[in-house]
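Student: What follows is a predicted protein model with its sequence.
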Amino acid sequence: MKRWRILLLVVVAVAAGALHQALSQGMATASRTARPARPLPPGLQPPEVRYEDLAEAAGLTAVNISGAERNKSYIVETTGNGVAILDYDNDGLLDILLVNADRFEKTGPRPSHHLYRNLGGLKFQEVTAKAGLTHTGWAQGVCAGDIDNDGWVDLYITHWGQDVLFRNQGNGTFRDETEARGLKAPARRWGTGCSFFDYDRDGDLDLFVARYLEFDPAKTPKPGQSAHCRWKGFPVLCGPRGLPGETMSLYRNDGRGHFTDVSQPAGVAGPKQYYGFTALSGDFDNDGWPDMYVACDSTPSLLYRNKRDGTFEEIGLYSGAALSEDGQEQAGMGAAAGDFDRDGALDIFKTNFSNDTPNLYHNAGDGTFTEVTMAAGLAVNTLFLGWGAAFVDFDHDGWKDIFVANGHVYPEVDQLPVGETYRQQRLLYWNRRDGQFYDISPHAGPGILTPHASRGIAIGDLDNDGSVEIVVVNMHERPSLLKNFGTKGNWLLVRALTRTGRDAVGARITVATEDGRQIDEVRSGGYHISHGDFRVHFGLGKAEAATVTVRWPEGKTETFAAVPANRLVVIQEGRGLVEPRETNGQHERRKSPR
């Protein structure tokens, strides 16, 4: 990126920020004009797609709790909750953890999380109490990672209050080891998104936590009581503007699962002036070291570039991924990373408030970005308020499509003359393979079109059939479990394990066929304050085999040729292909190294 462009961007950002402050209130950003849907070129036919919601039949019946259902007084009641998809009991089937918040009115039983064990065949059994996950409080997001390299995945749940680390005991239960592991905070903070990643490449997982704002109900005005508590002229709950901002946190793992706060020396603890939401890890500059992107609400988003010496440099404005293309701060919520044009670099997709478009930031390959939202055909919807987002190849053609979950923050919007609704449909954008996307939502089935007030999402292959499902958190409803019954091509599911047997978070996987190359990474966190399948999914189209290359977190690479399609491939560092043992179509329990 040329220096003059950077200076111009900063100048524009400052001017636009002042104008933005004067013209907008609350979480809304300045409106960007929607473009009409582009017609498909002659001969280009979109695939058949039909998403259906199977949650009720699957046994996922727990209702989300996030403050009052209708008359919400504070912003903490609106941000919603995350979901984690993980194999907590190592039986080869992905389980689901639904995170719950709390109520200000202390009536009835306190809300708790809900852990559902996968029984196979898209059937789930709630095991929350048995697993020891009955903790209550104002929980927000979740991420997963094996903190002590014992082969069992652990959980970190963020809160307005005290975040909680649940260590997996290897017997189907978890134990709160927050204080014992050095993660007890000296004061109440508001954690949102989180991500485990090995930022110093020493073989163990460190922890990044995004922080939203400093919140105290006793010091927060009620709806309509200040200039920051009005939206389009109507009284609404206050924030984030007008409330104190926050900074981010980084905790270094000592190799034994004990953490030390290194936010300050590592260059992560900047000024407390940001409203951080989703933490998204990825090697965005292709140097082999993991970086961290944070989608921020009503402030510039952040990109922490790994300097490879134990420190980070925040380059959000410099990189081009902090603002809109016209220099506006936006109300960023969710974020996803994927190589949508298959040029070998991770691009970023970010969701925003209504009266705005999402952002698609195209990566130049060196960690600098150009916003291509309009050029890519993604500026066709502006009335939706986006939260969880994912790059997902729903038709297995080898090109990443985009899924977005939506829902307004103000329940009272249904009674206001603003043309917006609280419950909103989802959006599905099909990758045209020419740098553009096509809004296929109207033809994508009831799982896409049925309206909800959705928040966190996560994706994963819940029934091991090669097609990833989408789990969505819906405010004050049961969740959605979306499965696509449309036409699909061949596929490959790759699980990368370190030498110690844990999922190799940060590993970059390249899959090559005659049709070209795809990349993706093993990731903890993302979407919108949620966590998805560690196994990486690739569509192969008509290809019946692929060459798979793994760049391990510490830098070494291994390549495997002629890997057959339509199967799960397990690769362990230094051991190569590890053939999964199967019993009646289910993978046998992997023994713990302990």
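Tutor: Right, received. Where do you want to start?
Student: C-alpha from now on. contacts and neighbour counts both.
Tutor: OK.
Student: Tell me the spacing between Asn484 and Asp461.
Tutor: The span separating Asn484 from Asp461 equals 11 Å under the rule Cα to Cα, to the nearest Å.
Student: what do these two both touch?
Tutor: Ser467, Glu469 (Cα atoms under 8 Å, 6 or more residues apart in numbering).
Student: mind listing what the residue nearest the centre of the chain touches?
Tutor: With the centre of the chain defined as its mean C-alpha position, the nearest residue by Cα atoms, centre = their mean is Tyr527, 1.6 Å away. When contacts are counted by Cα under 8 Å, 6+ apart, Tyr527 is found next to Thr278, Leu280, Gly334, Ala335, Ala336, Gly388, Ala389, Ala390, Gly456, Ile457, Ala458.
Student: run the last query once more with 6 Å
Tutor: Gly334, Ala335, Ala336, Gly388, Ala389, Ala390 (Cα atoms under 6 Å, 6 or more residues apart in numbering).
Student: and which of those is nearest Asn90?
Tutor: Asn90 lies nearest to Ala390 out of those, by Cα to Cα, at 24.9 Å.
Student: My read is that the closest one contacts Phe403, right?
Tutor: Yes. At 5.3 Å, Ala390 and Phe403 qualify as touching, with contact defined as Cα atoms under 6 Å.
Student: okay, the two: which has more neighbours?
Tutor: Comparing Ala390 with Phe403 by other Cα atoms under 10 Å, the one with more neighbours is Ala390, at 27 against 23.
Student: how far away is that one from Lys556?
Tutor: Distance, Ala390 to Lys556, by Cα to Cα: 28 Å.
Student: Kindly report the same for Leu40.
Tutor: For Leu40, the distance to Lys556 (Cα to Cα) stands at 43 Å.
Student: three-state assignment of the nearest residue to Ser441 once chain neighbours are set aside?
Tutor: Nearest residue to Ser441 in three dimensions, chain neighbours excluded: Leu428, at 4.9 Å (Cα to Cα, 6 or more residues apart in numbering). Taking DSSP: H, G, I helix; E, B strand; the rest coil as the rule, one finds Leu428 in the strand state.
Student: Find the least confident helix or strand in the protein, judged by mean pLDDT.
Tutor: For the chain, using mean pLDDT, DSSP states H and E, the weakest element among its helices and strands is strand 582-583, scoring a mean of 32.
Student: I'd like the contacts of Tyr527 as TSV, with distance to Glu521 and secondary structure appended.
Tutor: TSV is the format used below for the contacts of Tyr527 (distance: Cα to Cα, whole Å; DSSP: H, G, I helix; E, B strand; the rest coil):
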residue	distance to Glu521	secondary structure
Gly334	18	coil
Ala335	15	strand
Ala336	12	strand
Gly388	19	strand
Ala389	16	strand
Ala390	13	strand
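Student: Out of those, the closest to Asp287 would be?
Tutor: Comparing those against Asp287 with Cα to Cα places Ala336 closest, at 19.7 Å.
Student: Cross-check the contact I'm expecting between the closest one and Ala390.
Tutor: Yes. Using Cα under 6 Å as the test, Ala336 is close enough to Ala390 to be in contact (5.3 Å).
Student: any weak-confidence spans in the stretch 1-150 of the chain?
Tutor: Across the stretch 1-150 of the chain, the stretches falling below the confidence threshold (pLDDT under 70) are 1-37.
Student: run the last query once more with 90
Tutor: Across the stretch 1-150 of the chain, the stretches falling below the confidence threshold (pLDDT under 90) are 1-43, 105-110, 134-136.
Student: ranges for the strands of the stretch 401-550 of the chain?
Tutor: Counting by DSSP state E, counting those that start in this stretch, the stretch 401-550 of the chain has strands at residues 401-406, 427-431, 437-439, 454-460, 469-474, 480-484, 490-497, 508-513, 516-521, 536-541, 545-551.
Student: just the stretch 51-200 of the chain next, same as before
Tutor: 51-53, 83-86, 95-98, 114-120, 123-126, 139-145, 154-161, 164-168, 174-176, 189-197.
Student: After the longest one, which helix or strand is next?
Tutor: Okay, so that is strand 189-197. Toward the C-terminal end, the helix or strand that comes next after strand 189-197 (DSSP states H and E) is strand 206-211.
Student: any idea of the angle that next one forms with strand 189-197?
Tutor: Using axes from the mean of the first three to the mean of the last three Cα atoms, to 10 degrees, one finds that strand 206-211 and strand 189-197 are set 150 degrees apart in direction.
Student: Who are the packing partners of the following helix or strand past strand 206-211?
Tutor: Where DSSP H and E defines the elements, the next helix or strand beyond strand 206-211 is strand 230-231. With contacts defined as 3 or more Cα pairs under 6 Å, 6 or more residues apart in numbering; DSSP states H and E, strand 230-231 has no helix or strand neighbours.
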